[in-house]
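1. quick one, fold the following:
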Amino acid sequence: MGDYDPLRDYLSRQTLPELVLSFDQIEELLGFALPRASQRASWWEKERNPENARPQRDAIRDGGYEATRLADGKGVRFRKLSMGRYRPGR
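-> Numbers count the residues shown, from 1 in each chain. Predicted coordinates for the structure are as follows:
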């Protein structure tokens, strides 16, 4: 089981096209504190280069969403991927 599997599982159960979670809510789901790097927007954004894949990004994508850090820095917006962009297990 990967560290970010609880986030993946939570997202995969969601039906909303968009949802926002605070960092505290994400940490509660995961059961551990997020690294300081999670305060950077680039930590959440989809990878531009497959060689830069990160486990949190994989979990979010595998949960059927993409993520963007909120401008106020207090949480993350998750947007449902369209079926054409969502490929489980990739």
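2. low pLDDT regions in this structure?
-> For the chain, applying pLDDT under 70 flags the ranges 47-53, 83-90.
3. mind running it again at 90?
-> Applying pLDDT under 90 to the chain flags residues 1-2, 42, 45-54, 82-90.
4. helices of that one, start to end?
-> 5-12, 23-30, 41-44, 55-62 (DSSP state H).
5. which residues touch the first one?
-> It refers to helix 5-12. 2, 26, 29-31, 56, 58-60, 62-65, 78 (C-beta atoms under 8 Å, 6 or more residues apart in numbering). C-beta: built from backbone N, CA, C; applies to glycine.
6. any of these buried? List them.
-> Ile26, Leu29, Leu30, Gln56, Asp58, Ala59, Ile60, Asp62, Gly63, Gly64, Tyr65, Phe78 (16 or more other C-beta atoms under 10 Å).
7. just give me the neighbour total for the closest residue to Leu30 other than its chain neighbours.
-> Excluding the flanking residues, the one nearest Leu30 by C-beta to C-beta, 6 or more residues apart in numbering is Pro6, at 5.5 Å. Pro6: 17 surrounding residues under other C-beta atoms under 10 Å.
8. please name the nearest non-neighbouring residue to the residue nearest the centre of the chain.
-> Nearest to the mean C-alpha position of the chain, by C-alpha atoms, centre = their mean, lies Ile60 at 3.6 Å. Closest residue to Ile60 apart from its sequence neighbours, by C-beta to C-beta, 6+ apart: Ala67 at 4.9 Å.
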